[in-house]
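S.K.: Okay, structure incoming, though there's no sequence with it:
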């Protein structure tokens with residue numbers, strides 16, 4: 001039986017919302033760029049580059065919005081989004097963006113270390129090693145060396 005963690009399900013829904021927003025922005029932009037290409041205003045390479053650039057920008061913004069700050073993660077997700085666009089269409093690129101948001105958001109949330117309260121960290125910082133207050137006598141020191 002397949003069981004989902006509620007936290008992962010939450011991130012999956014957030015990723016789905018990000019995918020819908022990306023699709024709503026990417027698809028009309030692609031249609032606009034294709035119309036410009038067909039009219040001869042821009043070349044096919046520039047049109048493809050513009051749509052890919054928008055996909056990368058949307059991916060970076062979405063991951064930055066959920067708190068992902070590792071540049072390598074943002075680059076990997078952006079490359080995956082561009083590859084998905086080149087393989088399929090804007091819908092697949094938006095889906096790739098949503099999966100990236102869900103995956104990195106869940107990973108970031110699950111590996112986050114809990115923050116300790118300031119009072120308990122102050123106690124830990126002020127601890128001194130337990131030991132005798134007065135120095136040991138010379139006899140006691142000698143006896144310890146013999147053992």
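M.R.: Done, it's in. Given the structure is predicted, the values throughout are model-derived calculations rather than measurements. Residues are numbered from 1 along each chain as shown.
S.K.: Report the mean per-residue pLDDT for stretch 64-73.
M.R.: In this model, stretch 64-73 carries a mean pLDDT of 90.
S.K.: Please state the offset of it from the chain centre?
M.R.: 4 Å (C-alpha atoms, centre = their mean, to the nearest Å).
S.K.: outside of that stretch, which residues touch it?
M.R.: By C-beta atoms under 8 Å, 6 or more residues apart in numbering, the residues outside stretch 64-73 that reach it are 14, 63, 74, 101, 104-105, 108. Quick note: C-beta positions are derived from backbone N, CA and C, even for glycine.
S.K.: residues contacting residue 26?
M.R.: Contacts for residue 26 (C-beta under 8 Å, 6+ apart) come out as 51, 54-55, 58, 90, 93-94.
S.K.: Nearest to residue 19, out of the residues you listed: which one, please.
M.R.: Nearest to residue 19 among the contacts of residue 26 is residue 94, at 4.7 Å by C-beta to C-beta.
S.K.: So which of the contacts of stretch 64-73 is surrounded by the most neighbours?
M.R.: residue 101 (26 neighbours; other C-beta atoms under 10 Å).
S.K.: Let me know the closest of the contacts of residue 26 to residue 80.
M.R.: Nearest member of these to residue 80, counting by C-beta to C-beta, is residue 93, at 9.0 Å.
S.K.: Need the contact partners of the helix or strand harbouring the closest one.
M.R.: In this structure, residue 93 sits in helix 90-110 according to DSSP states H and E. Here helix 90-110 makes contact (C-beta under 8 Å, 6+ apart) with 7-8, 11-12, 14-20, 22-23, 26-27, 30, 51, 55, 58-59, 62-63, 66-68, 73, 77, 80-85.
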